[in-house]
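S.K.: no FASTA, just this:
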């Protein structure tokens, strides 16, 4: 008996990309983008101005793409998922706006963050507006099941963000605690985005569960690699200032691994750094060197590879085809991007 | 033919109060409070700590009380409105938390505002959490009509708050523009709170509309008097620092009236003050003197009286009784409070 092995990318293999996913969802994403642009409007001009700054700011719109890909995977032929995918993107945009205020970010996707241009007050309120609009879109669709999935995901995201705040500057944060946080703050919305495709297509429970698990594991993989990149690549690659997590004292996996593998001297450094007393560029360089010494960026990617493989396996119950291949490559891309 | 005249309070009449409303809704509010305390819980301890600071901080819980009073008025005998009234209070609490961040408030209900104790980041995120919880409660109830009313109200509130931000420090704000802002930021939730009572009771459209209009007009009256009090009474009475609106350059009706009735010299003062260049206590005293000279606080109350009377007339289609009397007195209280 042989098990089929789907190869995951290595550094020497050709890089996986989102191209297949983009091609799969291109037509549908036009419909989603129309809903997004239409429903971010308001008689108050500041609202589309601020929302548009972020929405047209070059995000991948990965989450609504996942809803569309999921719908393709299960052979859904209707049009309900366009509005719902837009609702998912609005929830995501609302959390990004609030995150920028929470983190005091300067950059988002390589541009000045909304709070820097429009101020914290307007940024908080336009986030609230988009969040409300998301629920209006869901209500128009009329599925209580979708409403339940996305209202629950929204509460879990907020809990995850608060939990992350609580863990900030706490060197004793464990890998398990960290995983709990990213499952909540990131993976919950990925899971909801893919799951609702199964709901509109009226799939059975097993298929709904499979799409949920695909999204959830993909979300964990994405966040792990996001957190690895913060200690790995150029800021430009992400549109994120490298070292943001370091300066904010966020306990992400590269730090957790480097700390636990470090000697006493290194631990003294980490204590000071995560405590907020080592915030110079030279301190960031030292942190990167220590993380590199313990291979903590690569091992964070290895952890991501595990979750990406689980995502790929979760959808193996569906017939092979264009959708499954695109979703498989998206999971591989989640791991390899930023190299 | 004679028209029945429901007398509104004058300075020499005994003061109306919320006592009748409190008595009418006392039993129901126990059920609502149980839902509130139960559903603000989370495994993340900071969430109930922060939410509890505001929720147990002595607010009147006027909005859920209005849902319960509305249900009494239409003779509803079920229990669905308890959860929905809690959802209304969660939406209100979320907006208060975000308001405190937006305004940079120091005090709320006479206590240190949540953002002062817990910081802006946690305050924004716990607001998001409560907002999501509100939708979870509505989904559990299962009425798409209620979900539509409250998701729409939430979007309108956010629009009103952004609009208020846009009008800040703009001396040319008209009374109509101001009314538009307070209808959105305050009255929309009052209207939704009372309207959903008609929805759960499956009232006809006319009754639903009547309850909506009662809430909407009451909300306008409340906000008008709130804005009058900021130039009128002691901070202690409201648990709000007197002069907050003045220092923030908010264009509320007392200022709009005093400015439009003022002479050239006075207008110079207002231009500097609303522009943010006159923020001393002596400047506030001068503002209060000018507002007093033009009777602008009293006339703001007179405007409130008009809306309170419309609220009272809106529910005159229902049979007289304990509920209608309590709601009538609540509208009178909206005008007279803070004297």
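M.R.: Received the coordinates, thanks. Here the structure is a predicted model, which means the values were calculated and not measured.

S.K.: give the buried residues for stretch A:26-35.
M.R.: A:28-29, A:31-33, A:35 (16 or more other C-beta atoms under 10 Å in any protein chain shown). (C-beta placed from N, C-alpha, C; glycine too.)

S.K.: just put those residues in a markdown table and tack on distance to chain B, secondary structure and pLDDT.
M.R.: Formatted as a markdown table, those follow (distance: C-beta to the nearest C-beta, whole Å; DSSP: H, G, I helix; E, B strand; the rest coil; pLDDT from 0 to 100):
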| residue | distance to chain B | secondary structure | pLDDT |
| --- | --- | --- | --- |
| A:28 | 24 | helix | 97 |
| A:29 | 24 | helix | 97 |
| A:31 | 22 | helix | 97 |
| A:32 | 19 | helix | 97 |
| A:33 | 20 | helix | 96 |
| A:35 | 15 | helix | 97 |
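
S.K.: so which elements touch the lengthiest helix in chain A?
M.R.: For chain A, the helix that runs over the most residues, judged by DSSP state H, is helix A:114-141. If contacts are counted by 3 or more C-beta pairs under 8 Å, 6 or more residues apart in numbering or on different chains; DSSP states H and E, helix A:114-141 sits against helix A:19-39, helix A:46-55, helix A:80-103, helix A:144-167, helix B:80-103, helix B:120-141, helix B:144-167.

S.K.: at 7 Å what do you get?
M.R.: helix A:46-55, helix A:80-103, helix A:144-167, helix B:80-103, helix B:120-141, helix B:144-167 (3 or more C-beta pairs under 7 Å, 6 or more residues apart in numbering or on different chains; DSSP states H and E).

S.K.: quick check: angle from it to helix A:144-167?
M.R.: Interaxial angle, helix A:114-141 versus helix A:144-167 (axes from the mean of the first three to the mean of the last three C-alpha atoms, to 10 degrees): 150 degrees.

S.K.: tell me the residues of the stretch 101-250 of chain A that contact chain B?
M.R.: A:101-102, A:120-122, A:124-126, A:128-129, A:131-133, A:135-136, A:139, A:142, A:144, A:147-148, A:151-152, A:154-155, A:158-159, A:161-163, A:165-166 (C-beta under 7 Å from any C-beta of the partner chain).

S.K.: pLDDT wise, what is residue A:236 at?
M.R.: Looking at residue A:236, its pLDDT stands at 40.

S.K.: nope, residue A:325 is what I meant
M.R.: 98.

S.K.: one step back: pull out the buried residues from the longest helix of chain A.
M.R.: Neighbour-count burial for helix A:114-141 [16+ other C-beta under 10 Å]: A:114-116, A:118, A:120-139, A:141.

S.K.: low-confidence bits of the stretch 201-339 of chain A, can you list those?
M.R.: A:233-241, A:339 (pLDDT under 70).

S.K.: now stretch A:102-112, how far from the chain's geometric center?
M.R.: Distance of stretch A:102-112 from its chain centroid, counting by C-alpha atoms, centre = their mean, to the nearest Å, is 16 Å.

S.K.: state the mean pLDDT of stretch A:146-158.
M.R.: Mean pLDDT, stretch A:146-158: 98.

S.K.: contacts for that stretch?
M.R.: A:84, A:87, A:91, A:95, A:138, A:184-185, A:188-189, A:192, A:195-196, A:199, B:125, B:128-129, B:132-133, B:135-136, B:139, B:147 (C-beta atoms under 7 Å, 6 or more residues apart in numbering or on different chains).
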